[in-house]
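# Build me a model:
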Amino acid sequence: MFDFEKLLVYKRATVFNLKIYSFLFSNKNIDREYRDQLKRAAFSIPLNIAEGTGRTARADRRRFYVIAIGSTFECVAILDQLKTLNFITGEVYSEIYSFAFEMTKMLFGLEKSLR
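Residues are numbered from 1 along each chain as shown. Here you go, the predicted structure:
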C-alpha cells in the first residue's frame, strides 16, 4: 500500500471526486467549460495529495497540499456559479460544500504540520 492510500484526506478527496463526477453525469445540460473545469479541479485534489505524499522534502509535500487546497476552493467557486445559474439545487450544493469544507480543514492541518 502506498502512503497516500493510508491518508483519510486522500480517501475523502477520492469520494469528493466521485460526488462531482456523479453530479456532472446526472446534469449533462451544464455548459461544457464549467463541466470540464469542475472535473479537472476535482480530479486534481486526490492527485496532488498522492503526488505530495511521494515527495521527500517537506516544502515539496507542502506545495502539493496547498495546490490541493486551491483546487478545492476552485471547485466550490464553480459550484457557487452553477448555483447562481440554477444548475445545482441548494440541497446538493450544501452537501458537496460541507464535504469540501471538511476536506479543506483536513488539508490545512496536513499543510500546517509541514511548516
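# In three-state terms, how would residue 88 be classified?
coil (DSSP: H, G, I helix; E, B strand; the rest coil).
# Touching, it and residue 81? I think so.
No - applying C-beta atoms under 8 Å as the test, residue 88 and residue 81 come out as separate, 9.4 Å apart. From N, CA and C alone the C-beta is placed, and that goes for glycine too.
# Looking at those two, which is more packed in?
Shown here are residue 88 and residue 81; by other C-beta atoms under 10 Å, residue 88 has more neighbours (20 against 15).
# Longest helix in this protein, by number of residues?
With secondary structure taken from DSSP state H, the chain has its longest helix at helix 58-84.
# Pull out the buried residues from that helix.
Using 16 or more other C-beta atoms under 10 Å as the test for burial, helix 58-84 gives 61-69, 71-72, 74-76, 78-79, 82-83.
# Could you look up the next helix or strand downstream of it?
Using DSSP states H and E, the helix or strand that follows helix 58-84 in sequence is helix 90-112.
# could you dump that next one to CSV, C-alpha only?
Extracted in CSV, the C-alpha atoms of helix 90-112 (Å, rounded to 0.1, in the frame of the first residue of the first chain):
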residue,chain,number,x,y,z
GLY,A,90,-29.4,24.3,-2.8
GLU,A,91,-29.6,20.8,-1.2
VAL,A,92,-27.0,19.3,-3.5
TYR,A,93,-24.8,22.4,-3.2
SER,A,94,-24.9,22.3,0.6
GLU,A,95,-24.0,18.6,0.7
ILE,A,96,-21.0,19.0,-1.6
TYR,A,97,-20.0,22.3,0.0
SER,A,98,-20.0,20.7,3.5
PHE,A,99,-17.9,17.8,2.2
ALA,A,100,-15.4,20.2,0.6
PHE,A,101,-15.3,22.3,3.8
GLU,A,102,-14.4,19.3,6.0
MET,A,103,-11.8,18.1,3.4
THR,A,104,-10.2,21.6,3.3
LYS,A,105,-9.8,21.6,7.1
MET,A,106,-8.0,18.3,6.9
LEU,A,107,-5.8,19.6,4.1
PHE,A,108,-5.0,22.8,6.0
GLY,A,109,-4.0,20.6,9.0
LEU,A,110,-1.7,18.5,6.8
GLU,A,111,-0.2,21.6,5.3
LYS,A,112,0.3,23.3,8.7
